[in-house]
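>>> predicted structure and sequence below. I'll ask about it afterward.
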Number of protein chains: 2
Amino acid sequence: MNVIQNMQICKFKIDKFEDVMDELIVEFSFEIFINDEKLITLMCTPSNLECLAVGYLYSEGIIRNYSDIEEILINKNSNAFVYTHDKIDLTCKHSNRTKTSGCGNGSMSDIEFEKLNISHNIDLNISVGKIAEMENSLMKMSGLFNRTGGVHNSSLWDLNEMIMFHEDIGRHNTVDKIIGEALIKDIDLSDKIIFTSGRISSEMLIKSVKAGITIVISRSAVTVKAKEIADKLGITLIGFSRKNRFNIYSDKNSVVNMKIEKDV
Amino acid sequence: MNVIQNMQICKFKIDKFEDVMDELIVEFSFEIFINDEKLITLMCTPSNLECLAVGYLYSEGIIRNYSDIEEILINKNSNAFVYTHDKIDLTCKHSNRTKTSGCGNGSMSDIEFEKLNISHNIDLNISVGKIAEMENSLMKMSGLFNRTGGVHNSSLWDLNEMIMFHEDIGRHNTVDKIIGEALIKDIDLSDKIIFTSGRISSEMLIKSVKAGITIVISRSAVTVKAKEIADKLGITLIGFSRKNRFNIYSDKNSVVNMKIEKDV
């Protein structure tokens, strides 16, 4: 399915109108069914839909592992039919919902911190140079953003390189696509770093932390609640990462002032 | 309730770390109860909560007019208790939900275009100079954004001046606050213009149109679906409104190339 569509628009610049063809971002109504029962429609960018479905189900606590899923089918209309080994009662999953502030499928059941699966086995550090390298790479890679101005992106890194990159009209969807891909490919997230273009509100942070990530970096703002949660859980939380500057909101000792030597 | 909180963070710039106090945006869990039954928790900026509650209920089709509400109380914990004249069955309101791509309370029941209340009685025009004036005013007014970088804003204009301005961490919430204030103050929206910082996805457009607005302007992108809906309904839809330039996605004939003479 196309993620971009060419459409006729009229551009105004200084004092002239001009009819042109321009690229607009597609917004797709992605339906997820669990054991043939409709769960939700997510408005999203129609790419990597299997990752999105799996990541969403995990973030919402509907599955606990990828192995809970017996089969996942994306049908010809690009909707997801997920079949689980065990029966899932969706009535309780629909109750007590919180509508979040976020772009995308911003809905989380009420937060139960004690249930968050925080791995403190690994004490990850990140260097100033690495953060700059990440930010620089992402600016170059954001193809859909550069063409349409209408998407967020999230990327997953190990200490050497970027290993995943997802774009979506919803900032939450970008993180769910990362989480879904990691679950499908059985990638451990506890020694990985997420870098997102989107603002870090509480639910963006919790989504990442639930999946095991302990370093979260954003080009955008961080809310009070996200900082409070990061402080409590020992998460490294960085915001406003732009050229040669960033703010550390939590766990500043994990950020080391060490430049990475570039191979020439 | 405070919308901003001072917190200790660590800023990195060029090659130095510095511990500073910085202003972060507050994220509030706003609970809305209808006739003592919990409807939803919205993550929002805790300002103008009555407007947000009323606008949200209207956008979601839970009320059809402000007069459907018998009483609305914001309690000491800043949650909303709304009492309606007639009983409301929330079970059907909870079904068939769509999670939208948007910041804020992005949830809408499936769209039924024929039920949208479009006023074609008024054929509004807007001038190029007015659009520039709006954009210029908003940049100056965005206090929370300038201080925290973490909010969207929406403003409502008549052909002379700005008559409302709301900021929120959720872009949908900014529009719901506008709609709620208009309902509470009995302001007709059919001859007004909305200018928002947020991206116009289908649900942002539909929210505005349901409330009667026929000119929608954004500093950000417009999705394919939003353009298609605007084309179908004859809505004037403008995006990427920045200094001396903008894109007209729909109804270009309503935009006239006439500069507004400024009083000196």
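In hand now; what should we look at?
>>> where along the stretch 51-200 of chain A do the helices fall?
A:90-94, A:128-141, A:143-148, A:171-184 (DSSP state H, counting those that start in this stretch).
>>> return the most buried member of those helices.
The highest mean neighbour count among the helices of the stretch 51-200 of chain A, using mean count of other Cβ atoms under 10 Å in any protein chain shown, belongs to helix A:171-184: a mean of 28. Bear in mind the C-beta positions are built from the backbone N, C-alpha and C, glycine included.
>>> elements contacting that one?
Judged by 3 or more Cβ pairs under 8 Å, 6 or more residues apart in numbering or on different chains; DSSP states H and E, helix A:171-184 is in contact with helix A:49-59, strand A:152-157, strand A:162-168, strand A:193-196, helix A:202-210.
>>> need the ones you listed in a markdown table (columns: mean neighbour count).
Listed next are these as a markdown table, based on neighbours: other Cβ atoms under 10 Å in any protein chain shown:
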| stretch | mean neighbour count |
| --- | --- |
| helix A:49-59 | 26 |
| strand A:152-157 | 25 |
| strand A:162-168 | 22 |
| strand A:193-196 | 25 |
| helix A:202-210 | 26 |
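>>> how about those in TSV, adding mean pLDDT and distance to chain B?
Formatted as TSV, the helices and strands packed on helix A:171-184 follow (pLDDT from 0 to 100; distance: least, Cβ to the nearest Cβ, whole Å):
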stretch	mean pLDDT	distance to chain B
helix A:49-59	98	9
strand A:152-157	96	10
strand A:162-168	97	8
strand A:193-196	97	14
helix A:202-210	95	6
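>>> picking that back up, closest one to B:Asn79 among the helices of the stretch 51-200 of chain A?
helix A:90-94 (20.7 Å; Cβ to Cβ).
>>> now A:Phe145: closest residue in space, sequence neighbours ignored.
Nearest in space to A:Phe145, with sequence neighbours left out and distances taken as Cβ to Cβ, 6 or more residues apart in numbering or on different chains, is A:Val151 at 5.2 Å.
>>> so for A:Ser137, what's the pLDDT?
pLDDT recorded at A:Ser137 is 89.
>>> with the one 4 residues further on instead?
At A:Met141, the model reports a pLDDT of 86.
>>> which strand residues bridge the residue nearest to it when sequence neighbours are not counted?
Excluding the flanking residues, the one nearest A:Met141 by Cβ to Cβ, 6+ apart is A:Phe165, at 5.9 Å. Using DSSP bridges, the beta-bridge partners of A:Phe165 come out as A:Ser155.
>>> A:Phe165: what's it in contact with?
By Cβ atoms under 8 Å, 6 or more residues apart in numbering or on different chains, the contact set of A:Phe165 is A:Leu138, A:Met141, A:Asn153, A:Ser154, A:Ser155, A:Leu156.
>>> kindly report the same for A:Arg219.
For A:Arg219, the contacting residues are A:Glu135, A:Leu138, A:Thr196, A:Ser197, A:Phe240, A:Ser241, A:Arg242, by Cβ under 8 Å, 6+ apart.
>>> from those, pick the one nearest A:Asn2.
For the contacts of A:Arg219, the nearest to A:Asn2 is A:Ser197 (21.8 Å; Cβ to Cβ).
>>> who touches the closest one in this structure?
A:Leu138, A:Ser142, A:Phe145, A:His152, A:Asn153, A:Ser154, A:Arg171, A:Thr174, A:Ser218, A:Arg219, A:Ser220.
>>> closest to chain B among those?
Minimum distance to chain B across these is 6.9 Å, recorded for A:Ser220 (Cβ to the nearest Cβ).
>>> spatially nearest residue to that closest one (excluding sequence neighbours)?
Leaving aside its chain neighbours, A:Ser220 sits nearest to A:Arg199 (4.2 Å; criterion: Cβ to Cβ, 6+ apart).
>>> how many other residues sit next to that neighbour?
Counted with other Cβ atoms under 10 Å in any protein chain shown, residues neighbouring A:Arg199 total 26.
>>> what's the pLDDT at it?
95.
>>> just checking, it touches A:Thr223?
Yes. Using Cβ atoms under 8 Å as the test, A:Arg199 is close enough to A:Thr223 to be in contact (7.4 Å).
>>> what is in contact with those two at once?
By Cβ under 8 Å, 6+ apart, the residues touching both A:Arg199 and A:Thr223 are B:Gly150, B:Ile169.
>>> tell me which residue of the stretch 151-264 of chain A lies closest to chain B.
Residue of the stretch 151-264 of chain A nearest chain B, by Cβ to the nearest Cβ: A:Ala221 (3.4 Å).
>>> that older thread, now the two most distant members of the contacts of A:Phe165.
Of all pairs drawn from those, the greatest distance, 12.7 Å, lies between A:Met141 and A:Leu156 (Cβ to Cβ).
>>> picking that back up, how about JSON lines for the helices of the stretch 51-200 of chain A, with distance to B:Val82 added?
Formatted as JSON lines, those follow (distance: least, Cβ to Cβ, whole Å):
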{"stretch": "helix A:90-94", "distance to B:Val82": "21"}
{"stretch": "helix A:128-141", "distance to B:Val82": "43"}
{"stretch": "helix A:143-148", "distance to B:Val82": "38"}
{"stretch": "helix A:171-184", "distance to B:Val82": "27"}
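>>> tell me which of those helices sits nearest to B:Thr41.
Taking Cβ to Cβ, helix A:90-94 is the member of the helices of the stretch 51-200 of chain A nearest to B:Thr41, at 13.6 Å.
>>> the bottom helix or strand of chain A by mean pLDDT?
Every helix and strand of chain A was ranked by mean pLDDT, DSSP states H and E. The lowest is strand A:107-109, at a mean of 45.
>>> where does the stretch 1-150 of chain A have low pLDDT?
Along the stretch 1-150 of chain A, the model assigns pLDDT under 70 to residues A:92-122.
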